[in-house]
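> Dropping a prediction and its sequence here:
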Amino acid sequence: MKLRKARIADVEGMMSLINTNAEQGLMLPRSRNMLYENIREFLLAEIDEQLVGVASLHILWSDLAEIRALAVANGYKRRGIGTQIVKTLEEEAKELGCTKVFALTYQPEFFKYCGYEEVNKDQMPQKVWTECINCIKFPNCDEIAVSRTL
């Protein structure tokens, strides 16, 4: 498996992978616009030049980063791809100086396996919620917050 930063040419494949997982109820969908605007945040996993995983690291504050849009292709799940993506993004967060990483997810057990703890969403800093107004689930968020100190 090869991990690499995303390029503009990857957006359509990223959108397909993410939104296929969203259609299965595993995550929220992402728009093409969101992917283009945040392309530099995304890490891709490839096997034989085929996109099999994606996620982004979004910096929110001096010590806080969010793992967003984590998706693994059907047929490639439970092979350690998601775990490797998370570990790589955590290393990137550490290199940038972030000491805490969190995610909003429908897959809390996966993140717990990666060392995260479930936390009360209401205790998350207000900065976390600034983009939620654009979410299809706003204001009735049903995602679960998980967090890890690095």
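Here it is on my side, so go on.

> which of the residues in the longest helix that the chain contains are buried?
In the chain, taking DSSP state H as the definition, the longest helix is helix 81-96. By 16 or more other Cβ atoms under 10 Å, the buried positions in helix 81-96 come out as 81-83, 85-86, 89-90, 92-93. Backbone N, C-alpha and C define where each C-beta goes, glycine included.

> want to try CSV for the residues you listed, with distance to Asp63 as columns?
Output for those, formatted as CSV (distance: Cβ to Cβ, whole Å):
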residue, distance to Asp63
Ile81, 28
Gly82, 24
Thr83, 24
Ile85, 22
Val86, 18
Leu89, 16
Glu90, 14
Glu92, 14
Ala93, 10
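
> any idea of the mean pLDDT for stretch 51-59?
The pLDDT scores in stretch 51-59 average 97.

> List the contacts of it.
Stretch 51-59 is contacted from outside by 1, 6, 10, 13-14, 17-18, 38, 41-46, 65-73, 76, 81-82, 85-86, 89, 92-93, 96, 98, 101, using Cβ atoms under 8 Å, 6 or more residues apart in numbering.

> Leaving out the residues flanking it, which one is nearest to Ala145?
Residue nearest to Ala145 in three dimensions, not counting chain neighbours: Lys121, with 4.4 Å by Cβ to Cβ, 6 or more residues apart in numbering.

> OK, contacts around that neighbour?
104, 141, 143-145.

> Select from those every entry located in strands.
Counting by DSSP state E, the contacts of Lys121 place 104, 144-145 in strands.

> ranges for the strands of this structure?
2-5, 42-47, 50-61, 64-72, 100-105, 117-119, 144-149.

> Could you say which one of the ones you listed comes nearest to Arg30?
Of all these, strand 64-72 sits nearest to Arg30, with 5.4 Å by Cβ to Cβ.

> rewinding a little: which two of the buried residues of helix 81-96 have the greatest separation?
Ile81 and Ala93 (18.9 Å).

> List buried residues within the contacts of stretch 51-59.
Looks like the contacts of stretch 51-59 have 6, 10, 13-14, 17-18, 38, 41-46, 65-73, 76, 81-82, 85-86, 89, 92-93, 98, 101 buried, using 16+ other Cβ under 10 Å.
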